[in-house]
Every structure is written in structure tokens, then in C-alpha cells.
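**Q** No sequence on hand, only this structure:
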């Protein structure tokens, strides 16, 4: 995707363009710049020549993003140049950028000149540049500015040899290694690498990460924190659809671990000559950064995150199981995020539990539909929890309010109650209230602990389904250190 002044490695300008402008190679960087290129990128040496240089330097250079790293809350420029479709008589000079302040959005703006398309709310924009796009659907906010929901530049049928994903609000990964820069004046950086599901992933953290992340969690702003290079492990080509599927799997896998939406966005695809041949602009689903993530993974357990990703990314990419797992992780993430009212979080978490229970018991044919219908809600929940070796006892030290509620209900209902009973009953009383204040609000922290228990159950069921056997935060706990972890119950 376009960006002015961006040092995007592995991009070559067409030979005709280079001849036209008589571009000269810069011997120190091997780069050439085309004055007429509206994306303003740097065209660098072909990959084979880059590798030749690297063999003498002894280390990989940092991966350069296709768009400049932004400061917190500052926009990323995606395109600057001529924009057709706003004025009725001629193209206008303008730019397209991604805003990253309180809400992420893609905005366009043109110089206020020419005959503007008065009376039009929706526009069809066309851009100049090396990548030809289909007409971009855009909307007007004022006569010279507006927004874009999504746009693709280049052909979706092109074969890709490499791609870049730009990550927003991704915390530092402790398993990343420090890479010593081989170029004078270039800072060292941290790199995380993995081969998974036939992909080779390399993720570089921006060199000024510590400075820009320090205060990011205290604001609702968004920041490009990392850039990822994607290629097939066997160096074969891949399709745009395969890249889109991988991006979605990465989004859901990382977001589920951190307990909030972390966005790999703005993908750029390259061919074997290092030319950018496809770009995708869209507004990613991303949550504001937090100093301590609310998810099940503790940040110092780097090996556990890597082992989890080796399981989650293939599962989320699977054509049969991926859709099911994406729904369940989506519900789990919405339940884990500690913002908003507690009651909706419990309801969303139970929607995820019911989705999981239905697929595990009926779709996977562990029991017939008639047998399923004969079970009550707490019996279905207990069945899948027991199958996964997830304890259903209530622990007074962890959930004292739930324990007090259970003791009172044992007397009222005349039977023993476990965590599956209590979680289901509190959810049902919120959704189908009869005497709401007396039944669920008479004990302090009861709703809070019911929410924590719901996210705990859903998270563990998903991790068990993935085959994960590492450590996890006990999401029932509302106090203590964020670094306290324990093995999953079935390990």
C-alpha cells in the first residue's frame, strides 16, 4: 500500500520509469527513488543482490515497513498523489491516511480546488500509481474530505513470494532475540521468528518501542509497533486468499492469548522481483493498548506463547475447524476485555460456552440431538468440563462471593451445587430475571466473580481443544500478581 517517503525494501520500479527519470543507484543503500511514484516508496535491490550483501555483513537487516512507523495517535500516510472522482472535471491532489487517534479509520482529503461533486454522498475514487486499483468506494464528510471503509490495490489473482503485515498495539514478545545492527548509525532491534503451518514468520519490533510504548497504555490511541515478514517455508509462491487466511488466524491467535484485539493490518504482497503487487487497506479490529494484558497468557512465559501459536495458527487456518474456533475465540476475547458492564460480558461468555458445547456434543457426535435436549444447561456445561479435566469445585479462597452464594442456594434449593451450577444459574437470572436485585445483587462482588468464572471456563475449554499443555493465568483470580501462572489442569 502506498506511503510517502517510506523505506520499503524489496520494491523495484518499472524499468521504463527508471529510464524516464534517469535514476541513479545510491551505492551506500542500493536504492533508487522515482519522483513520480505517488506511493513515495524506495525501490531497492533485488532479493538476490541483497542476500549477497548480507553474506558479507553477517546479519539480517531490520525489516522495513511499507509505511512509516507512526507516533502515538498520529496518522499513517497510505497514499499521496492524484485522486480522481471527487471533482467532476479533473483529478485533484490529495492523500489517503489511516488515523490512529481515539478510533482507527481510513480518511481521504483533497486540495479544495476544481468542481467538487456537489450533492454526492458516495464517491468512486481512482488513484494514480504503479498499482492499479478497482474504483474505491468512498464517502464524503465535507466537500474535500471523507472516509474509506476498504480498498484493494492490484490484482487479487497475482502470485506472491513475500508479504508484510503491520501490527498495531502488539506488546513486546519476551521470546524475541536482540539483533545487532550491521549498519553504522542503525539501532539494534528485537526479532521474533517462527515456522508454523508451512509459513516462515519474522516479526521485528520498532527500535524506539520502549519510548513510544511507555505512555501508550494510559491513552486510547493506536500505534504501529511491529512489522512482520511472511513467506512460505519452502520458498514457494502463495495466493492473496492464503495470505488473508493467515492474517485472520494471526489476529485471532494473538488476540485470544492477550485477551484483547491486536491487529495485523495493511498487508502488502510482493512478487519474486521484490515489487509490491497487491495491497489491502481496511480498518482493523484493534483495542487500545494496556500495560498488562487481560488474557490468559503471562508475558514472561515466552516458550508457552510459542507452543500455543504452533497449535492455534494451524487450527484457525483450517477450512473445517477454523470457523468454529474463530467464533469461540471471538466470544472469549469479548468476555475477557475488562471494560463495560459485567452483565454483557457474562452473556457473551456464555454464548461462547454454548457454541462450544453444541459443537463438541452434537456436531462432533458425542451424543444425539435428543439426548442433548434432555440435558439441562448446567449438565451440558459440566459434561464438557469433566471431559476436559477442568475442575468444577468452588474454591472459597479464589471466589468467596460465589462460594457464599452457593451455600445460601444449597439451603434454598435443597441440593449440592458446583461451579457449573452456579455459573449457569447466575447467567440465567441475569437473562431471565424474576426478582433481580434480591437474586443476584445481594452479595458484593458476586457478578464480578461470575464473570471471572465464565471467562475461565471458556478459555480453558478452547485451550484444551487445541491440545495446549503449557501454563496459564487463572482467570478466576481478581487479585495477586499478573505473572502468577499455573499449569493447565489436564497437563
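**A** Yep, that arrived. It should be emphasised that the depicted structure is a prediction, and the values quoted were computed from it without experimental measurement.

**Q** For the rest of this, base every contact and every neighbour count on C-alpha atoms.
**A** OK.

**Q** Surely residue 131 is within a strand?
**A** No. Counting by DSSP: H, G, I helix; E, B strand; the rest coil, one finds residue 131 to be coil, located in no strand.

**Q** from now on call the first residue 7
**A** That works, and once the first residue is 7, the last one we named lands at residue 137.

**Q** Tell me the spatial nearest neighbour of it, not counting adjacent residues.
**A** The spatially closest residue to residue 137, leaving aside those adjacent along the chain, is residue 160, at 5.3 Å (Cα to Cα, 6 or more residues apart in numbering).

**Q** Tell me if I'm right that the one you found and residue 283 touch.
**A** Yes. Contact criterion Cα atoms under 8 Å: residue 160 and residue 283 qualify, at 5.7 Å.

**Q** These two: which is more packed in?
**A** residue 283 (22 against 18; other Cα atoms under 10 Å).

**Q** so what secondary structure elements neighbour the host helix or strand of the more buried one?
**A** Using DSSP states H and E, the element containing residue 283 is strand 282-288. The contact analysis (3 or more Cα pairs under 8 Å, 6 or more residues apart in numbering; DSSP states H and E) places strand 282-288 against strand 156-160, strand 269-276.

**Q** Show me whatever sits in contact with both of residue 160 and residue 283.
**A** residue 137 (Cα atoms under 8 Å, 6 or more residues apart in numbering).

**Q** pLDDT below threshold where in the stretch 7-156 of the chain?
**A** Scanning the stretch 7-156 of the chain for pLDDT under 70 picks out 7-65, 119-126, 136, 138-139.

**Q** What segments of the stretch 157-306 of the chain are helices?
**A** 215-219, 246-264 (DSSP state H, counting those that start in this stretch).

**Q** between those, which one is nearest to residue 203?
**A** Nearest to residue 203, of all the helices of the stretch 157-306 of the chain, is helix 246-264, at 9.5 Å by Cα to Cα.

**Q** now that closest one, how far from the chain's geometric center?
**A** 7 Å (Cα atoms, centre = their mean, to the nearest Å).

**Q** who's in contact with it?
**A** Taking Cα under 8 Å, 6+ apart as the rule, helix 246-264 contacts 162-166, 171, 267-271, 275, 299-303, 311, 315, 318-320, 322-323, 332, 335-336, 338-339.

**Q** ok, and for it, which residues are buried?
**A** By neighbour count on 16 or more other Cα atoms under 10 Å, the buried set for helix 246-264 is 246, 249, 251-264.

**Q** what's the angle from it to strand 269-276?
**A** Between the axis of helix 246-264 and that of strand 269-276 there is an angle of 150 degrees, by axes from the mean of the first three to the mean of the last three Cα atoms, to 10 degrees.

**Q** Spell out the residue ranges of the strands in the stretch 107-256 of the chain.
**A** If DSSP state E, counting those that start in this stretch is used as the criterion, the strands of the stretch 107-256 of the chain fall at 110-116, 128-133, 142-148, 151-154, 156-160, 168-174, 183-185, 195-202, 205-211, 230-238.

**Q** just so I know, which of these lies nearest residue 90?
**A** Taking Cα to Cα, strand 128-133 is the member of those nearest to residue 90, at 5.0 Å.

**Q** give me phi/psi at the nearest residue to residue 386 once chain neighbours are set aside?
**A** With Cα to Cα, 6+ apart as the criterion, residue 386 has its nearest non-adjacent residue at 6.9 Å, and that residue is residue 363. Backbone torsions of residue 363, given as degrees, to the nearest 10, read phi -60, psi -40.

**Q** Would you mind confirming that residue 363 makes contact with residue 388?
**A** No. Under the criterion of Cα under 8 Å, residue 363 makes no contact with residue 388, lying 9.9 Å away.

**Q** Need the buried ones from the contacts of helix 246-264 selected in PyMOL.
**A** PyMOL command restricting the contacts of helix 246-264 to the buried ones, with burial defined by 16+ other Cα under 10 Å:
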select buried, resi 164+165+166+171+267+268+269+270+271+275+299+300+301+302+303+311+315+318+319+320+322+323+332+335+336+338+339
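
**Q** about what we covered before: more neighbours: residue 363 and residue 388, which one.
**A** For residue 363 and residue 388, the more surrounded residue by other Cα under 10 Å is residue 363, and the numbers stand at 22 against 19.

**Q** dump the residue contacts of that one.
**A** Contacts of residue 363 (Cα under 8 Å, 6+ apart): 386-387, 390.

**Q** Any chance of a markdown table for those, columns pLDDT, secondary structure and distance to residue 460?
**A** Listed next are the contacts of residue 363 as a markdown table, based on pLDDT from 0 to 100; DSSP: H, G, I helix; E, B strand; the rest coil; distance: Cα to Cα, whole Å:
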| residue | pLDDT | secondary structure | distance to residue 460 |
| --- | --- | --- | --- |
| 386 | 97 | helix | 14 |
| 387 | 98 | helix | 11 |
| 390 | 98 | helix | 14 |
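
**Q** Would you write a ChimeraX line that selects the buried entries of the residues you listed?
**A** The ChimeraX selection below is limited to those of the contacts of residue 363 classed as buried (16+ other Cα under 10 Å):
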select :386,387,390
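
**Q** List just the nearest of the contacts of residue 363 to residue 433.
**A** Relative to residue 433, the closest of these is residue 387; by Cα to Cα it sits at 12.6 Å.

**Q** doesn't residue 426 make contact with that closest one?
**A** Yes. With contact defined as Cα under 8 Å, residue 387 reaches residue 426; the gap is 6.2 Å.

**Q** Residue 141 touches residue 131, doesn't it?
**A** Yes. The pair residue 141 / residue 131 is scored as a contact, 5.5 Å apart, by Cα under 8 Å.

**Q** more neighbours, those two?
**A** residue 131 (19 against 16).

**Q** List the residues that contact that one.
**A** Contact analysis of residue 131 by Cα under 8 Å, 6+ apart lists 89-92, 141-144.

**Q** at 7 Å what do you get?
**A** Residues near residue 131 by Cα atoms under 7 Å, 6 or more residues apart in numbering: 89-91, 141-144.

**Q** circling back: for the strands of the stretch 107-256 of the chain, give me JSON lines that also has distance to residue 420.
**A** Listed next are those as JSON lines, based on distance: least, Cα to Cα, whole Å:
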{"stretch": "strand 110-116", "distance to residue 420": "53"}
{"stretch": "strand 128-133", "distance to residue 420": "64"}
{"stretch": "strand 142-148", "distance to residue 420": "62"}
{"stretch": "strand 151-154", "distance to residue 420": "60"}
{"stretch": "strand 156-160", "distance to residue 420": "58"}
{"stretch": "strand 168-174", "distance to residue 420": "52"}
{"stretch": "strand 183-185", "distance to residue 420": "58"}
{"stretch": "strand 195-202", "distance to residue 420": "52"}
{"stretch": "strand 205-211", "distance to residue 420": "56"}
{"stretch": "strand 230-238", "distance to residue 420": "56"}
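
**Q** number of nearby residues for residue 82?
**A** Neighbours of residue 82 under the rule other Cα under 10 Å: 21.

**Q** May I ask you to confirm that it is in contact with residue 103?
**A** Yes. The criterion here is Cα atoms under 7 Å, and residue 82 meets it with residue 103 at 5.4 Å.

**Q** shared neighbours of the two, anything?
**A** Common neighbours of residue 82 and residue 103, counting by Cα under 7 Å, 6+ apart, are absent.

**Q** ok, what's across the strand from residue 171?
**A** Taking DSSP bridges as the rule, residue 171 bridges to residue 234.

**Q** Quick check: pLDDT value at it.
**A** Looking at residue 171, its pLDDT stands at 98.

**Q** For it, which residues are in contact?
**A** 233-235, 270-274.

**Q** Now do it against residue 375, distance only.
**A** 43 Å (Cα to Cα, to the nearest Å).
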